[in-house]
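> Mind folding the following:
(3 chains)
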Amino acid sequence: MIYLYDSPLGPISYEWDGECCLRVWLEQHDAEAVLHDDPVSGWLDGYFSRKHVALPLLAPPASGFQEKMRAGLLQIPAGEVRTYGEIAKQLDTAPRAMGQALGANPLPILIPCHRVIAADGLGGFACGLEWKKKLLKFERGF
DNA sequence: CCATTCATAGCCT
DNA sequence: AGGCTATGAATGG
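The predicted structure is shown next:
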């Protein structure tokens, strides 16, 4: 089931099967219902009110690498950023692979892929650069 | 200082 | 298997 969450930064849709969060869109996808009583919306409430809430159960990573990447990203404190290169070194992989894996990440925001930027500029963002800018701007207030 | 090139590893078709 | 990156470092003008 896909739900819609109306965040201060824009519409967020997510698929929730009652157990774990399967995927997240940074747009009004094909939301079938508006619900505010599951761990995902609870986490989003916490995020946007700058409180720490435990992550809901997430869809299992598609690969072992994505699992490592997830763990690495979750170590980044809110309001801070890393470069693709730094994460790559930490995970003992190549910077380019990071972009690929991050772009394939089905769970933006929950997995804070927006806190990863290029060594010189902003880098890219699968769901639109505007979101990345907005999220980083929001997190600067942490 | 800008443009091009290449090494690199994981993802998609 | 081959092509495509949300990169980065090195090179050449």
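> all contacts plus neighbour counts: C-alpha atoms, from now on.
Noted.
> Quick one: name whatever helix or strand follows the helix or strand of chain A with the lowest mean pLDDT.
Ranking every helix and strand in chain A by mean pLDDT, DSSP states H and E puts strand A:33-34 at the bottom, with a mean of 89. Scanning forward in sequence from strand A:33-34 by DSSP states H and E, the next helix or strand is helix A:39-48.
> Check what contacts that next one and list those residues.
With contact meaning C-alpha atoms under 8 Å, 6 or more residues apart in numbering, helix A:39-48 is reached by A:5, A:7-8, A:16, A:21, A:35-36, A:52-56.
> go on, stretch A:103-120?
In contact with stretch A:103-120 (C-alpha under 8 Å, 6+ apart) are residues A:22-26, A:55, A:66, A:70, A:73-74, A:76, A:79-85, A:102, A:123-126, A:132, A:135-136.
> What parts of chain A come near DNA strand B?
A:62-63, A:65-66, A:93-98, A:100-101, A:104 (C-alpha under 7 Å from any atom of the strand).
> Out of these, grab the one that's most surrounded.
residue A:98 (21 neighbours; other C-alpha atoms under 10 Å).
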